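1. I'll drop the sequence and a predicted model, then ask my questions.
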2 protein chains.
Amino acid sequence: MKKLSMVDKGFLLGESREMPMHVSGVSLFTLPDGAEVQEFLEGIADNLKDADALLPPFGDRIKTGRLGVAGNVYWEPDPSLDLDYHIRHSALPRPGRYRELFNLVGRLHGTLLERSRPLWEMHLIEGLENRQFAIFSKTHHAAVDGARSIHVTRSMLSSDPDTVRSESPLSLASWESYRKAIKEGRQAEYTDAEVRTVADILKSTYGSGANAFNALKNVAGAWTGRKSDLAMPHLKVPRSSLNGKIDAGRRFVAQTWPFARIRAVGKAFDATFNDTVLAMCAGALRQYMLNHSELPKDSLKTLVPVSLRQAGDVDSGNAVAGITADLSTNIADPIKRFSAIKASVEAGKANYAGMSPKEVELLTMAMSAPTMLLLPLGMISHLPPYNLTISNVPGMRETMYWNGARMDGSYPLSIITDGMALNITLVSYADQVDFGIIACRRSVPQVQRLIDYMEDALQELEDAVGLKAKPTRRRAAVKTKAKAKTKTKTKTKANPKAKNSAAAKPKPKPKPKAKAKAKPKAKAKSTAKSSTTAKSKVKPKSKSKG
Amino acid sequence: MKKLSMVDKGFLLGESREMPMHVSGVSLFTLPDGAEVQEFLEGIADNLKDADALLPPFGDRIKTGRLGVAGNVYWEPDPSLDLDYHIRHSALPRPGRYRELFNLVGRLHGTLLERSRPLWEMHLIEGLENRQFAIFSKTHHAAVDGARSIHVTRSMLSSDPDTVRSESPLSLASWESYRKAIKEGRQAEYTDAEVRTVADILKSTYGSGANAFNALKNVAGAWTGRKSDLAMPHLKVPRSSLNGKIDAGRRFVAQTWPFARIRAVGKAFDATFNDTVLAMCAGALRQYMLNHSELPKDSLKTLVPVSLRQAGDVDSGNAVAGITADLSTNIADPIKRFSAIKASVEAGKANYAGMSPKEVELLTMAMSAPTMLLLPLGMISHLPPYNLTISNVPGMRETMYWNGARMDGSYPLSIITDGMALNITLVSYADQVDFGIIACRRSVPQVQRLIDYMEDALQELEDAVGLKAKPTRRRAAVKTKAKAKTKTKTKTKANPKAKNSAAAKPKPKPKPKAKAKAKPKAKAKSTAKSSTTAKSKVKPKSKSKG
């Protein structure tokens, strides 16, 4: 029986019904030509279940002694492993837009995993328009390692649409042949830096069995001591609606942007891709908070993982640090705001310049740990080190397929906690960038608007430097005047309490560029209710089913 | 702010992630002619949300002080009531059989309600075959009162298919007009006894602010003292797979039988309807446990609520007691088994004969409380007072409609706990009896077979007394030889671990008798996988969509 590390145990200790400690992802696929969805998904489910031995810990559950998770915790094989429990078949109500998908996925992400079973679920979801289906997977952070998670996903997929799997991607056998392929150079391996996420920073920091809580005690000393002036000049974090207590309700939205479009803006500003993403998010958050009359006087701060490696430096594989960037949400001018963000990131990196690797470790831990691991210590409300997390996770560079079904996008759903009700995580994939935004349903009731405001912010920056990019398609429903065109088909008066949520129509994902067989354009549904998307240029199309 | 009673609080205190303390129900409806499912369900959702004020506590959440639910607990209005959170739209994957419905409903029943919001959810479920849809509702036992729950359901429905609701059935206004109709005699009221459930027994026992835990202390004394010989002669409860620790995974199955069929058997045996139901369950449990080589030497015991009223007695409205009936699962002969069950119920009732009302109260409490309220006291594993609960809840006598959609059946999902991993609850409705069986997924892995074994047991009793009833339609998949006819379409070998669950095909619900527009016969799906229903007489029918 393998013992859980202190860090992995921390995710069990820190968990509550309001704050599940699992991470999820939802991937969109297009069915291969001629395939029938039900048969195809059954084939995938059967394939997933077809394993003599599962890759640990997919077949293991946690085992504790009398002290529960406070004592020693081990992985042990589930004595009555029930793969039908873990691999589930779900469906969307009609019309099967992304709105319905995000609703379902937000709900699924908001419930706790069962502790007496292996800590994962996978949902095969049918009912999407345009021959798409989705796969939602949910794994406890105590069980998954960011790097392994990406490798497992990678081993499920193939860049060759004609590859059909013969053994479960969850099987130990499959994992071993994947590792073998990497060793023999038949499969490109991603570097450590490429597969790191915020959680990996934590893990690498605490790794090798170090006692996380002793380490945190050291940090707490550093926090108020010598290093505090040096390293944390920008920790003046405002209180905002993002930083109260959260409940278990979630809202999820996702959107894809072309990588080239964001990079072009970055180049024009002589800034990094990451800086540009922060500027998009900053513009969106400013707009959101202005609209809700809750923009704090001080700028919002975000945790963001950055690479500290210099060009030519191949040695410091672990040199990824979490810095707190100033989003300059108090600056109205988008150009000045972008410059301030850029300067803040550079200052954040500079803080690490004169420090020893051990100090970088501690500082990173101090800034990235609290919402994860200071939680059980009750310290979170005293030390809000940032308002939200924006993570940029490198993903796969090629268009990928699962048994011939093209993956159209893959969107992460991360962890939110008391004190941090919003998480934006983006994953690069082929020539696109997939954003997943997860929020507390009560703290950020209109999180879907952030997607629109991000597009607004990007266009604003493009306009400022004279770039003329094709806008990423967005719904018109956020313009309140479009509401006037809504026909009411129900007999009863609209419920004002439900109004906000009724407007929560996620925008169709734009089709990936430079694909031979791009997805058909998103359809608006034909019923009167959805004609709130009145400004949409896409044609409504009636979809009838048995 | 209304304070919660000790009993209601008990359901909050006793709750854990493995043992949610909510009760649920799933109702099947047939769409009115010409109605389109999406539009119809949206109309229902809009109607449900259309309320100026909700009937308490549908708009209230619990409020606690520093002691949490251990201290005083109150209802307070949810400051940001979000009806879109509570009223949800879901769908079934194809082919949309009852199997898919029961899977979904079992999952939905297994997750905790969010404590910072009003303690209920309602799911409108599309994707069923044959123009049916389903409504799944889930309410915390601390919030719902059995009687009120039935009245609320009653006020949603109408015996007139042409009635269309103008205000939300969850609204205070709707509740008040329903009460007014009862007062004026325009609406038949059900008697207290008719709407009591096991939980109501608990509530009426503890009512009027009595301290539940002091009461339980008294009971504990009685348990080992003077009354134990007198009143609990049949408390020799065997250990069984139903009586260990449970986890949060659930399995749900449901089935309808004609009321007349069960009553006819009862008459032939000079027994009550309730006795006959117990005999059906006893036969099924014996068969199940024999097949799993785990039939205990001693008979299984069940808690069953019985009426103690004598003919002509109109005074003792509260005279419903929980008795522990001996299911005589150790008796092979079905006729002898039935007689033993009948005698056991009569003996159980007789125990109450010489007792004062207060003693009846205490005894009922002692036998019905433990799994609910002794749980937080950690006493459950020492005192397994029965192996399962079988509750018979009187329902509505007429065929009912919701905005013209005929209700085809309504199936309860009750609470299971450590020590009691199986609950069978039946509700009478029009001329049928709807059984809902909820079980711990790990403890009772093949609970769906109980439905088949209940039909077997009923037929066995019919044969014994020469009754020739038309059997309630059942699937053939439980016959293992039928498996031989299964074509395998997957490329990979079947996973032996998943085998049991793959056989978990719930039987189609029989069509209600004496209905002008009865439901079409259940369809078997056309794919090779489901041809395990090889002995079924129904014709497979391919159903293509989108």
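-> Alright, I've got the coordinates.
2. backbone phi and psi for residue A:66, please?
-> Summarising the backbone geometry of residue A:66 under the convention degrees, to the nearest 10, its torsions are phi -70, psi -20.
3. burial count for it?
-> For residue A:66, the neighbour count with other C-beta atoms under 10 Å in any protein chain shown is 6. The way it works is simple: take the backbone N, C-alpha and C, and place the C-beta from them, glycine included.
4. list the contacts of it.
-> With contact set as C-beta atoms under 8 Å, 6 or more residues apart in numbering or on different chains, residue A:66 has no partners.
5. please apply the same query to residue A:442.
-> Contacts for residue A:442 were tallied using C-beta under 8 Å, 6+ apart; they are A:246-247, A:249, B:80, B:82, B:116.
6. cool, and residue A:400?
-> Residues in contact with residue A:400 (C-beta under 8 Å, 6+ apart) are A:157-159, A:406-407, A:429-430.
7. tell me the helices in the stretch 1-150 of chain A, going along the chain?
-> For the stretch 1-150 of chain A, the helices defined by DSSP state H, counting those that start in this stretch occupy A:6-13, A:37-49, A:83-86, A:98-109, A:146-156.
8. which one of the ones you listed lies closest to residue B:2?
-> The stretch from the helices of the stretch 1-150 of chain A with the least distance to residue B:2 (C-beta to C-beta) is helix A:98-109; that distance is 29.3 Å.
9. name the helices or strands packed onto that closest one?
-> Applying 3 or more C-beta pairs under 8 Å, 6 or more residues apart in numbering or on different chains; DSSP states H and E, one finds that helix A:98-109 makes contact with strand A:22-30, strand A:120-126, strand A:132-140, strand A:250-258, strand B:87-91.
10. how about the residues of the stretch 1-150 of chain A that lie near chain B?
-> Within the stretch 1-150 of chain A, the positions near chain B by C-beta under 8 Å from any C-beta of the partner chain are A:17-18, A:37-39, A:41-43, A:46-47, A:49-51, A:80-85, A:88-95, A:100, A:103-104, A:107, A:111-112, A:114-117, A:126-127.
11. only whichever of those are buried, select them in ChimeraX.
-> Buried residues within the residues of the stretch 1-150 of chain A next to chain B, as defined by 16 or more other C-beta atoms under 10 Å in any protein chain shown, are selected in ChimeraX through the command that follows:
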select /A:17,18,37,38,41,42,43,46,47,49,50,51,81,82,83,84,85,88,89,90,91,92,93,94,95,100,103,104,107,111,112,114,115,116,117,126,127
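12. show me chain A divided up by domain.
-> Domain assignment of chain A by automatic domain parsing yields the ranges A:2-189, A:195-250+A:261-462.
13. any chance of those domains in CSV, plus mean pLDDT?
-> Rendered in CSV, the data for those read as follows (pLDDT from 0 to 100):
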stretch, mean pLDDT
domain A:2-189, 87
domain A:195-250+A:261-462, 74
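14. save these as JSON lines, and put in distance to residue B:338 too.
-> As requested, the domains of chain A are exported to JSON lines (distance: least, C-beta to C-beta, whole Å):
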{"stretch": "domain A:2-189", "distance to residue B:338": "34"}
{"stretch": "domain A:195-250+A:261-462", "distance to residue B:338": "48"}
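15. which of these sits closest to residue B:270?
-> domain A:2-189 (43.6 Å).
16. residue in the stretch 151-300 of chain A nearest to chain B?
-> For the stretch 151-300 of chain A and chain B, the shortest gap (C-beta to the nearest C-beta) falls at residue A:247, measuring 4.0 Å.
17. which bits of the stretch 301-450 of chain A sit near chain B?
-> Proximity of the stretch 301-450 of chain A to chain B (C-beta under 8 Å from any C-beta) is limited to residues A:441-442, A:445.
18. what distance do you get for residue A:21 to residue A:60?
-> Relative to residue A:60, residue A:21 is positioned 17 Å away (criterion: C-beta to C-beta, to the nearest Å).
19. ok so, going back, may I ask which two of the contacts of residue A:442 are separated the most?
-> Put simply, by C-beta to C-beta the two of the contacts of residue A:442 set farthest apart are A:246 and B:82, 14.1 Å from each other.
20. quick revisit: sort out for me which of the contacts of residue A:400 are in strands.
-> Of the positions in the contacts of residue A:400, A:406-407, A:429 sit in strands, assigned by DSSP state E.
21. grab the nearest non-local neighbour of the residue of the stretch 151-300 of chain A closest to chain B.
-> Setting aside the residues directly before and after it, residue A:247 is nearest to residue B:116 in space (C-beta to C-beta, 6 or more residues apart in numbering or on different chains), at 4.0 Å.
22. cool, and residue A:127?
-> In space, not counting the residues next to it along the chain, residue A:127 is nearest to residue A:92; the distance is 3.5 Å by C-beta to C-beta, 6+ apart.
23. was I right to think the one you found contacts residue A:125?
-> Yes. Between residue A:92 and residue A:125 a contact is recorded at 6.5 Å, counting by C-beta atoms under 8 Å.
24. quick check: neighbours shared by these two?
-> With contacts taken as C-beta under 8 Å, 6+ apart, residue A:92 and residue A:125 have A:101, A:104 as neighbours in common.
25. does residue A:61 touch residue A:74 like I think?
-> No. At 9.7 Å, residue A:61 does not count as touching residue A:74 under the criterion of C-beta under 8 Å.
26. the two: who's more crowded?
-> residue A:61 (20 against 14).
27. follow-up on the earlier one: in helices, which of the residues of the stretch 301-450 of chain A next to chain B fall?
-> Using DSSP state H, no member of those sits in helices.
28. neighbour count added to the ones in strands among the contacts of residue A:400, as JSON lines?
-> As requested, the ones in strands among the contacts of residue A:400 are arranged in JSON lines below (neighbours: other C-beta atoms under 10 Å in any protein chain shown):
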{"residue": "A:406", "neighbour count": "21"}
{"residue": "A:407", "neighbour count": "21"}
{"residue": "A:429", "neighbour count": "24"}
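29. quick one: which of those residues is nearest chain B?
-> Nearest to chain B among those, counting by C-beta to the nearest C-beta, is residue A:406 at 18.6 Å.
30. name the residues linked to the closest one by a beta bridge.
-> Residues found in beta-bridge contact with residue A:406 (criterion: DSSP bridges) are residue A:30, residue A:401.
31. for residue B:254, see how far away it is.
-> Distance of residue A:406 to residue B:254, given as C-beta to C-beta: 40 Å.
32. and for residue A:331?
-> Distance of residue A:331 to residue B:254, computed by C-beta to C-beta: 60 Å.
33. ok, those two, which is more surrounded?
-> Between residue A:331 and residue B:254, counted using other C-beta under 10 Å, residue B:254 has the larger neighbour count: 26 against 18.
34. give me the three-state assignment for the spatially closest residue to the more buried one that is not a sequence neighbour.
-> Leaving aside its chain neighbours, residue B:254 sits nearest to residue B:411 (3.9 Å; criterion: C-beta to C-beta, 6+ apart). Per DSSP: H, G, I helix; E, B strand; the rest coil, the secondary structure class of residue B:411 is strand.
35. list the contacts for residue B:411?
-> Under the criterion of C-beta under 8 Å, 6+ apart, the contact partners of residue B:411 comprise B:25-27, B:254, B:427, B:434-436.
36. got the helices and strands packed on helix A:98-109 as a markdown table, with distance to residue B:337 columns?
-> Formatted as a markdown table, the entries for the helices and strands packed on helix A:98-109 read as follows, by distance: least, C-beta to C-beta, whole Å:
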| stretch | distance to residue B:337 |
| --- | --- |
| strand A:22-30 | 48 |
| strand A:120-126 | 42 |
| strand A:132-140 | 46 |
| strand A:250-258 | 51 |
| strand B:87-91 | 41 |
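37. pick the one among the contacts of residue A:400 closest to residue A:280.
-> For the contacts of residue A:400, the residue nearest residue A:280 by C-beta to C-beta is residue A:429; the value is 17.4 Å.
38. for chain B, what is the nearest residue in the stretch 301-450 of chain A?
-> For the stretch 301-450 of chain A, the residue closest to chain B is residue A:442, as judged by C-beta to the nearest C-beta, at 6.0 Å.
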